[in-house]
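1. Got a sequence here, can you model it:
(one chain, ligands or ions: 1)
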Amino acid sequence: MDISRGELLQLRDVVQGYCGIRLEESKLEFLKDRLIPVARAHGATTMSSFSQMLLREMAFGTPKAWNDLLPLVTINETYFFRELNQLELFRNELVPEIVKRKANRTLRILSAPCSSGEEPYTIAMLLDEASVSLAGWTVEIWGVDIDGPVIQKAQTALYPRSAFRATDGKYLSKYFTQEGDFYRAGNRLAGRVKFKHGNLFEMARWPGFSAFDVIFCRNLLIYFDKATQKRLIEVFHKAMVPGGYLLIGHSESLLSMEVDFMLKSNKQAIYYEAQTTSGSLRNV
Ligand SMILES: C[S@@+](CC[C@H](N)C(=O)[O-])C[C@H]1O[C@@H](n2cnc3c(N)ncnc32)[C@H](O)[C@@H]1O
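-> Got it, this is the predicted structure:
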């Protein structure tokens, strides 16, 4: 199967329209040889007919070809305790603040995207080690990712040593058991995080994906253009409680974006607070 530049650009636009990821032309060129067997496996004879198939799947909500294509285009890099300053801010300041002000004793946290699960499991460990007691609280931690194989890894909860490159050894011995060269999340951790395989742009349609107190959306916005970033931030806003907290990656920013979040910071890190009123992002 020959693929023209026009067909590659068409595929790039279809991918961006579905999941937000903006692929560079150089990456598409690099992927060419891997795209062809995926297209063929779904019965497409040209890349253009494969793009049409992907568009039809978007319309009818049966993402079979998407499930095979997405692992080629996503970047799943992650590890436990990534961007520690922000995690400490979460544990030491945001969680105690929520515990102080929330009467209904529910704490709902979303890690989106979660890749292979290191981030939501880190959140579960941090909650365990928080200075405030969550006894009597209903705590829910969700991890979501569009890439099926990484969600399966998250559910298996078996990790190589490299996943712990930023992890204090005390967590490894307390929460994981060694299996050969790998480490498996023990009972204390596994089962405390629920996972969902899905496209975050469709989150508004998922039952129960609302009223989150904290949303971690780290290291995803960098793959989106500004308009797509704004679209996703609006999805998150609708899924949060007023005054909920949004944490994005260190290299990401909502600066000059008109969204209903207020930028806040402590000495360690920045975060965003969901506002109830419409308006542009305000700095404090
Ligand atoms: C670099 S990882 C970030 C993982 C983690 N938040 C962290 O910071 O370590 C980015 C993930 O975003 C996922 N992703 C990309 N577009 C998505 C979408 N529209 N919906 C859900 N997940 C998406 C990819 O599959 C990938 O696993």
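2. so the residue positioned nearest the centre of the chain, which of the three states?
-> By C-alpha atoms, centre = their mean, the chain has its centre lying nearest to Pro113, at 0.8 Å. Applying DSSP: H, G, I helix; E, B strand; the rest coil to Pro113 yields a three-state assignment of coil.
3. nearest residue to it other than its sequence neighbours?
-> Asp145 (4.6 Å; C-beta to C-beta, 6 or more residues apart in numbering). The way it works is simple: take the backbone N, C-alpha and C, and place the C-beta from them, glycine included.
4. shouldn't that neighbour be in contact with Pro120?
-> No: using C-beta atoms under 8 Å, Asp145 is not in contact with Pro120, being 10.1 Å away.
5. Between those two, which contacts overlap?
-> For the pair Asp145 and Pro120, residues contacting each of them under the criterion C-beta atoms under 8 Å, 6 or more residues apart in numbering are Cys114, Ala154, Phe195.
6. what sits against Arg231?
-> Remark: with contacts taken as C-beta under 8 Å, 6+ apart, Arg231 is in contact with Gly20, Phe201.
7. With His250 as the reference, measure out to it.
-> Distance of Arg231 to His250, computed by C-beta to C-beta, to the nearest Å: 22 Å.
8. In the sheet, which residues pair with the residue nearest to Pro113? Tell me.
-> His197 (DSSP bridges).
9. Could you give the secondary structure assignment for Arg188?
-> Of the three states, Arg188 takes coil under three-state DSSP.
10. Could you tell me the model confidence score at it?
-> Taken from the predicted model, the pLDDT recorded for Arg188 is 88.
11. tell me, how many neighbours does the closest residue to it other than its chain neighbours end up with?
-> Nearest in space to Arg188, with sequence neighbours left out and distances taken as C-beta to C-beta, 6+ apart, is Tyr175 at 5.8 Å. Using other C-beta atoms under 10 Å, Tyr175 has 22 neighbouring residues.
12. For Tyr175, give me its contacts.
-> Tyr121, Met125, Ala185, Gly186, Arg188, Leu189.
13. Look up how far Gly169 lies from the residue nearest to the third one when sequence neighbours are not counted.
-> What sits nearest to Ala185 in space, not counting adjacent residues and going by C-beta to C-beta, 6+ apart, is Ala157, at 3.9 Å. Ala157 sits 19 Å away from Gly169, going by C-beta to C-beta.
14. of the two, who's got more company?
-> Neighbour count, other C-beta under 10 Å: between Ala157 and Gly169, Ala157 has more, with 20 against 8.
15. residues touching that one, list them.
-> Gly117, Tyr121, Arg184, Ala185, Leu189, Ala190.
16. With neighbour count and distance to Glu7 added, can I get those in a markdown table?
-> Conversion of the contacts of Ala157 to a markdown table gives the following (neighbours: other C-beta atoms under 10 Å; distance: C-beta to C-beta, whole Å):
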| residue | neighbour count | distance to Glu7 |
| --- | --- | --- |
| Gly117 | 28 | 35 |
| Tyr121 | 27 | 40 |
| Arg184 | 15 | 43 |
| Ala185 | 22 | 43 |
| Leu189 | 20 | 45 |
| Ala190 | 17 | 44 |
